[in-house]
Structure formats: C-alpha cells, structure tokens
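Participant: structure for the following, please:
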Amino acid sequence: QVQLVESGGGLVQAGGSLRLACTASGRTFSPLSMGWFRQAPGKEREFVARISWNGGTAYYADSVKGRFTISRDNAKNTVYLQMSSLKPEDTAVYYCAAATSYYGSNYYRDYTYWGQGTQVTVSS
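Facilitator: Predicted coordinates:
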C-alpha cells in the first residue's frame with residue numbers, strides 16, 4: 001500500500017506561481033511512476049503531467065506544457081509540480097497518483113494509488 005499526501009494548493013492571481021508537493025509513504029517509492037491529474041467542477045479528471053520512476057522522463061498535457069514542471073526527489077519520497085504563469089482555467093482540484101510501472105501513463109485508470117487532492121484556485 002502507498003499513502004499519498006498532497007500539499008501546496010491555494011489561491012493565486014493569474015500569472016502567479018504555486019508549487020505542489022506529494023509525499024508518499026508505505027512502500028518503496030522509487031519503482032513507482034508518478035502523475036498529477038486535475039479535476040474541475042463538472043469536468044472529467046484530466047492528465048496534467050507524469051514522471052518516470054527515476055525522474056529521467058517527463059510528459060505533459062499540451063495545456064500546461066512550458067508552464068508546469070514535474071520533478072521528484074526519491075530520497076524524500078516526494079514528487080513536485082511547479083506551476084507558473086497560472087491561468088483561471090487551471091483552477092481545479094489537483095491529485096497526485098502513483099502507478100506500479102516505471103513510466104506511467106496519461107490514463108488515470110492506470111494509477112493504483114491516489115492522494116486526497118489539493119485545491120488550486122486562480123483568480124483573474
């Protein structure tokens with residue numbers, strides 16, 4: 001079992017930045033690929049970014065490419081999502097997820113473990 005706890009959400013003005021963190025506990029972190037997803041009210045959960053088990057490969061949704069950066073620190077069992085140039089359409093609950101594969105997926109059903117989510121609100 002893996003427990004994931006997100007932190008770092010909040011309210012920010014458009015153009016601002018936030019850094020989300022997700023800390024894992026319960027089993028070895030490094031063989032897990034990690035992803036960030038988000039869900040806005042009335043919308044489906046969507047892929048944001050993912051990173052391979054060793055941090056060597058990262059993928060992003062087109063909507064966040066160039067603005068968001070995913071990274072991980074396996075020594076701290078933590079994955080980060082640095083969000084810059086935030087837009088009101090980035091407003092959502094952001095979820096951290098872990099997959100028992102080296103590279104992960106853009107599909108939320110491929111992830112086994114999920115955090116409780118953290119709210120990000122971007123005001124215009």
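
Participant: which residues does the spatially most central residue of the chain bridge with?
Facilitator: Central residue of the chain (C-alpha atoms, centre = their mean): Trp36, 2.3 Å from the mean position. Going by DSSP bridges, Trp36 is paired in beta bridges with Ala49, Cys96.

Participant: and it, what does it touch?
Facilitator: Contact partners of Trp36, counting by C-beta atoms under 8 Å, 6 or more residues apart in numbering, are Leu20, Cys22, Val48, Ala49, Arg50, Ile70, Val79, Leu81, Tyr94, Tyr95, Cys96, Ala97. The way it works is simple: take the backbone N, C-alpha and C, and place the C-beta from them, glycine included.

Participant: please apply the same query to Phe37.
Facilitator: Arg45, Glu46, Phe47, Val48, Tyr94, Tyr95, Ala97, Tyr108, Tyr111.

Participant: now swap in Gly117 and tell me
Facilitator: Glu6, Gln39, Val93, Tyr94, Tyr95.

Participant: was I right about the last one contacting Tyr113?
Facilitator: What it means is Tyr95. No. With contact defined as C-beta atoms under 8 Å, Tyr95 does not reach Tyr113; the gap is 10.5 Å.
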